[in-house]
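> Sequence and predicted structure below; questions after.
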Amino acid sequence: MGPPKKPSKMKKDLKKFQKVKKKKKKNKNNNNKSVPLDNKAIDCEWWDIFWNKNSPPPNPDSNSPLNEEEDFKHFFRVSKKTFEYICSLVREDLISRPPSGLINIEGRLLSVEKQVAIALRRLASGESQVSVGASFGVGQSTVSQVTWRFIEAMEERARHHLKWPDPTQTGRIKSGFESLTGLPNCCGAIDSTHIVMTLPAVQTSDDWCDQENNYSMFVQGVVDFEMRFLDIVTGWPGGMPVSRLLKCSGFYKLCENGGRLNGDALMMSSSSSSEGEEIREYIVGGASYPLLPWLITPFHERGDYEHFNPVLENARSAAVNAFSLLKGGWRILNKVMWRPDKRKLPSIILVCCLLHNIIIDCGESLCSDVALSAHHDYDYKGHICKQIDPSGISTRENLAKYLFRKNGDALCA
């Protein structure tokens with residue numbers, strides 16, 4: 001007969017440990033429940049905390065007080081009123097999913113306002129996630145999570161701020177271009193720029209390596225006379241020619257098939273034809289683009305219409321300046337991106353364009369002091385595209401004749 005069995009001390013200790021563990025888990029859950037979850041409430045404190053921490057110290061030699069509104073736009077590129085509108089767009093999306101650790105160092109859940117501020121600061125400054133996190137009292141991983149959640153929400157909720165104009169809006173755009181430049185029936189200006197990035201060795205490809213030996217992604221945009229984006233194309237490698245980028249875009253296919261730039265043509269009187277000449281709707285572009293019936297580019301050779309080029313360049317500058325403001329305002333696009341996810345980068349670009357348009361749509365002026373001092377693609381030399389469509393030649397000549405007849409010697413002065 002074996003010895004009598006003693007109560008297992010190990011089993012007792014295990015049961016005791018399980019009870020303690022359950023108690024801790026319960027307390028942890030209770031602690032989480034004590035964190036305020038009402039993100040529908042508007043957080044009015046985050047800005048005071050951020051501003052006191054990050055605003056420059058007052059100048060003892062200056063009697064002028066710090067301008068809080070200007071500082072707000074400096075940090076986030078938008079006014080407080082527009083900031084509130086952006087929060088209203090994404091609020092439901094940012095509170096519909098569990099916060100998943102989005103807690104600051106005080107142990108409180110991040111409000112919608114603070115999440116939007118973090119994302120805007122990351123996009124506006126282009127600073128590292130660690131640096132942005134330090135200014136808000138959150139960690140690098142929180143900045144990463146918050147920024148991407150914001151981008152996803154903006155893609156879904158703000159797309160109506162970037163769409164091709166309806167006929168009424170197109171009429172206003174044509175009037176705006178003609179008033180500013182003299183070009184009739186012009187519906188927009190087109191340009192493209194490179195977003196430079198580094199790629200891991202496993203992802204490097206000659207397609208992504210451009211003519212300046214940078215790895216980059218192309219962005220093509222059509223803008224109106226107010227530098228508002230009407231159409232963008234991105235996601236394509238920066239090593240391809242601009243003319244190929246155009247032909248790969250949905251915009252090109254729509255224009256070729258009559259889905260866009262298909263409004264009323266402008267009839268002009270002609271001394272050589274009793275029937276008159278016609279100027280269809282079109283956009284303007286630089287010498288890197290092909291001359292097409294709906295895309296007018298400069299004359300390559302000096303001739304009878306050499307004074308046409310400055311007029312066209314004046315209209316095209318709307319697109320050039322729009323990209324300078326875009327990359328200057330949202331500096332994340334102007335810095336070399338460290339190993340970005342090529343599937344996510346187009347979303348980042350789109351949201352920056354949406355924010356650019358929202359500023360205009362909310363009646364604010366784009367901050368000219370943040371625009372790039374040089375050309376938005378100053379490291380890149382444009383190539384002259386030699387593709388010429390005969391109908392494009394006719395449209396361009398008709399435009400040149402129209403301007404000459406309308407303005408005469410005044411245009412050439």
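Nice, I can see it.
> show me what contacts E68?
Contacts for E68 were tallied using Cβ atoms under 8 Å, 6 or more residues apart in numbering; they are W51. The C-beta positions use only the backbone N, C-alpha and C, and glycine is treated the same way.
> Pull the distance from the strand or helix carrying F83 to the chain's centre.
If you go by DSSP states H and E, F83 is part of helix 80-96. A distance of 18 Å separates the centroid of the chain from that of helix 80-96, by Cα atoms, centre = their mean, to the nearest Å.
> So for that helix, what gets flagged as buried?
T82, F83, I86, C87, L89, V90, R91, D93, L94, I95 (16 or more other Cβ atoms under 10 Å).
> Return the list of helices and strands in contact with it.
helix 68-76, helix 112-125, helix 140-157, helix 345-361 (3 or more Cβ pairs under 8 Å, 6 or more residues apart in numbering; DSSP states H and E).
> For the helix or strand that L403 is a member of, the averaged confidence score.
Under the criterion of DSSP H and E, L403 resides in helix 390-407. Average pLDDT, helix 390-407: 89.
> what's next to that helix, contact-wise?
182-184, 268, 270, 277-280, 282, 290-293, 295-297, 299, 304-305, 308, 311, 411.
> Pull stretch 346-358 out as CSV, backbone CA atoms only.
What follows is stretch 346-358 as a C-alpha-only set of coordinates in CSV (Å, rounded to 0.1, in the frame of the first residue of the first chain):
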residue,chain,number,x,y,z
PRO,A,346,-1.3,56.9,-53.9
SER,A,347,-3.8,57.2,-51.1
ILE,A,348,-1.6,59.6,-49.3
ILE,A,349,-1.2,61.7,-52.4
LEU,A,350,-4.9,61.7,-53.1
VAL,A,351,-5.7,62.9,-49.5
CYS,A,352,-3.2,65.7,-49.8
CYS,A,353,-5.0,66.8,-53.0
LEU,A,354,-8.3,66.6,-51.3
LEU,A,355,-7.1,68.7,-48.4
HIS,A,356,-5.7,71.2,-50.9
ASN,A,357,-9.1,71.5,-52.6
ILE,A,358,-11.0,71.6,-49.2
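> in what helix or strand does the nearest residue to K253 once chain neighbours are set aside lie?
Of all residues not flanking K253 in the chain, G259 sits nearest, at 7.8 Å (Cβ to Cβ, 6 or more residues apart in numbering). G259 is part of no helix or strand when elements are defined by DSSP H and E.
> just M217 next, same as before
Applying DSSP H and E, one finds M217 within strand 215-223.
> how about the CA coordinates for that strand, as PDB?
The C-alpha trace of strand 215-223 is given here as PDB (Å, rounded to 0.1, in the frame of the first residue of the first chain):
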ATOM      1  CA  TYR A 215      13.100  56.100 -57.200                       C
ATOM      2  CA  SER A 216       9.800  58.000 -57.700                       C
ATOM      3  CA  MET A 217       6.100  57.900 -58.300                       C
ATOM      4  CA  PHE A 218       4.400  60.100 -60.800                       C
ATOM      5  CA  VAL A 219       1.400  62.400 -60.000                       C
ATOM      6  CA  GLN A 220      -0.500  64.000 -62.900                       C
ATOM      7  CA  GLY A 221      -3.100  66.700 -62.200                       C
ATOM      8  CA  VAL A 222      -5.500  68.900 -64.100                       C
ATOM      9  CA  VAL A 223      -6.500  72.100 -62.300                       C
END
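> Can you name the element that comes right after that strand?
By DSSP H and E, the next helix or strand past strand 215-223 is strand 229-237.
> Can you tell me the strand partners of that next one and which way each runs?
As defined by DSSP bridges, the strand partners of strand 229-237 come to strand 215-223 (antiparallel).
> So for the strand it pairs with, what gets flagged as buried?
Y215, S216, M217, F218, V219, Q220, G221, V222, V223.
> ok, the fifth one to K327 distance?
From V219 across to K327, the span is 9 Å (Cβ to Cβ, to the nearest Å).
> And for the third one?
Summarising the geometry, the distance separating M217 from K327, computed by Cβ to Cβ, is 13 Å.
> again, but for the first one
The span separating Y215 from K327 equals 17 Å under the rule Cβ to Cβ.
> can you check F308 too?
29 Å.
> report the angle between the axes of the longest strand along the chain and strand 215-223?
In the chain, taking DSSP state E as the definition, the longest strand is strand 186-197. When axes from the mean of the first three to the mean of the last three Cα atoms, to 10 degrees is applied, the directions of strand 186-197 and strand 215-223 differ by 160 degrees.
> then strand 186-197 to PDB, C-alphas only?
This file holds the C-alpha atoms of strand 186-197, laid out as PDB (Å, rounded to 0.1, in the frame of the first residue of the first chain):
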ATOM      1  CA  CYS A 186     -10.100  76.600 -71.900                       C
ATOM      2  CA  CYS A 187     -11.200  74.100 -69.300                       C
ATOM      3  CA  GLY A 188      -8.000  73.500 -67.300                       C
ATOM      4  CA  ALA A 189      -4.200  73.200 -67.200                       C
ATOM      5  CA  ILE A 190      -2.300  69.900 -66.800                       C
ATOM      6  CA  ASP A 191       1.100  69.100 -65.300                       C
ATOM      7  CA  SER A 192       2.900  66.300 -63.500                       C
ATOM      8  CA  THR A 193       5.400  65.900 -60.700                       C
ATOM      9  CA  HIS A 194       7.600  63.200 -59.000                       C
ATOM     10  CA  ILE A 195       7.200  62.000 -55.500                       C
ATOM     11  CA  VAL A 196      10.700  60.700 -54.500                       C
ATOM     12  CA  MET A 197      11.100  57.700 -52.300                       C
END
